[in-house]
Every structure is written in structure tokens, then in C-alpha cells.
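Chemist: coords please:
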Amino acid sequence: MPNLTDPHAVAGMIARLHDPHYERWASQIRRTGGCQQPIHLRGKVEHWDPATGTLLHRYSTHLEPDGVLRVACKTRRATRCPSCAETYRADTYQLVRAGLVGGKGVPDSVSAHPCLFVTLTAPSFGIVHTRRQRDGKLLPCHPRRDAGTCRHGRVMSCTIRHGVDEPRLGEPLCPECY
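Modeler: Numbers count the residues shown, from 1 in each chain. Presented below is the predicted three-dimensional model:
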């Protein structure tokens, strides 16, 4: 959503509404299904008949608004794009089901094979700065009463209540130990 208090943003919206290619631009936006970070494709496609060498069809983004064709990002991560994630939400179920009973190009004979559902967790390399909440209340990062120091002399405690955009989030308390 553009910042309506920014005069440049408002001017840009007005210019877009008066653009002669507005309908095509709006069509692209609708086709992305509300994607928050659409992919901008640039280039051309030509379809040739291999037997005759005749050009059958040509498409170029040169004539599209802003010279790009917008397509949905198709991410499955709701934190990146909620609308695309919702579109593909049932995919995981369908893929797991096909692997267990067949379908979607997987033979039905897989249902006779033994199944394991294995979950793996990546190893931890040490304590990192984090943002913790409980019941809507922001908590300190890693509070420790009698926090010791690591072999590099750093205190292994952090009592800061980190903000959402703080650059230290995910950084180790001691980079050398990490």
C-alpha cells in the first residue's frame, strides 16, 4: 500500500490512473491474485514452425506497461506473500498423499511400500539474538541471572527487547563461539 502522505507516491498513483496503458496494467495486477511481490519478466518469445521456418507467434514485453509482464511469485511462505501461500496451501497435502497412496504421476503401487515420515532439525551453533513474545508482551532476548561468559569473555545474556527490524536479530551473542 503506498504512503498517501508522501506527495511523490500520490503523484505516481495519479499518473498511473491517467496512463493510456492503465487497463493492461490493472489486468496484470488482477492476474497476480494480490501477490505482494510479483515477478517482473522482461524479454520476448518467438514460436517458429520447425518444418517451414515460418514465424507462428511473437510476444515481447516491450509493449507492456513499464516494459514488464507481472506474474505471481508463487511462494509457499505466508510471511513472504500471504495471497500466494494461500493459493498453494493444499499442495503439501496433495504431494504427501500422492507419495503414500499414488496419484499425481506416482504409481498406485507405492501404497504397498513401507512409509517413514522423518523430520530433521538443523544443528544449533549457539545462542543468537531473538525477539520473544508471550501473550502479546515483548520479552527480553536471552535474560540470565548468573550468566557466565564464554571463552572469549562475552556475557552469554541479553536483556534487550529487540524491535522487529533490529539488525542484531539472528546474530550470535558471541560470533567467535558461533
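
Chemist: Most remote residue from the middle of this protein, which is it?
Modeler: Thr52 (43.7 Å; Cα atoms, centre = their mean).

Chemist: Can you read off the pLDDT for that one?
Modeler: We have a pLDDT of 94 for Thr52.

Chemist: where's it, which helix or strand?
Modeler: Using DSSP states H and E, Thr52 falls within no helix or strand.

Chemist: And Tyr178, how far from His113?
Modeler: 41 Å (Cβ to Cβ, to the nearest Å). (Glycine included, C-beta is placed from N, CA and C.)

Chemist: whoops, I mixed them up, Val164
Modeler: 46 Å.

Chemist: With neighbour numbers in mind, choose between Tyr178 and His113.
Modeler: Tyr178 (13 against 8; other Cβ atoms under 10 Å).

Chemist: thinking the more buried one is in contact with Ser124, fair?
Modeler: No - with contact defined as Cβ atoms under 8 Å, Tyr178 does not reach Ser124; the gap is 9.8 Å.

Chemist: What lies in contact with stretch 57-75?
Modeler: With contact meaning Cβ atoms under 8 Å, 6 or more residues apart in numbering, stretch 57-75 is reached by 19, 21-22, 24-25, 28-29, 31-33, 35-47, 80-81, 83-85, 87-88.

Chemist: Next, the buried residues of it.
Modeler: By 16 or more other Cβ atoms under 10 Å, the buried positions in stretch 57-75 come out as 61, 64-65, 68-70, 72-73, 75.

Chemist: Kindly tell me how buried Pro50 is, as a neighbour count.
Modeler: 6.

Chemist: all helices for this protein, in order.
Modeler: 7-18, 22-31, 82-87, 91-101 (DSSP state H).

Chemist: and the direction of the second one versus that of helix 7-18, what angle?
Modeler: Here helix 22-31 runs at an angle of 110 degrees relative to helix 7-18 (axes from the mean of the first three to the mean of the last three Cα atoms, to 10 degrees).

Chemist: Give me the helices and strands touching helix 22-31, please.
Modeler: strand 69-71 (3 or more Cβ pairs under 8 Å, 6 or more residues apart in numbering; DSSP states H and E).

Chemist: Strand partners (parallel or antiparallel) of the strand it packs on?
Modeler: Paired with strand 69-71 in the same sheet, following DSSP bridges, are strand 39-41 (antiparallel).

Chemist: mind listing what the most centrally placed residue in the chain touches?
Modeler: In the chain, the residue lying closest to the centroid (Cα atoms, centre = their mean) is Arg80, at 3.5 Å. In this structure, Arg80 makes contact with 36-37, 73, judged by Cβ under 8 Å, 6+ apart.
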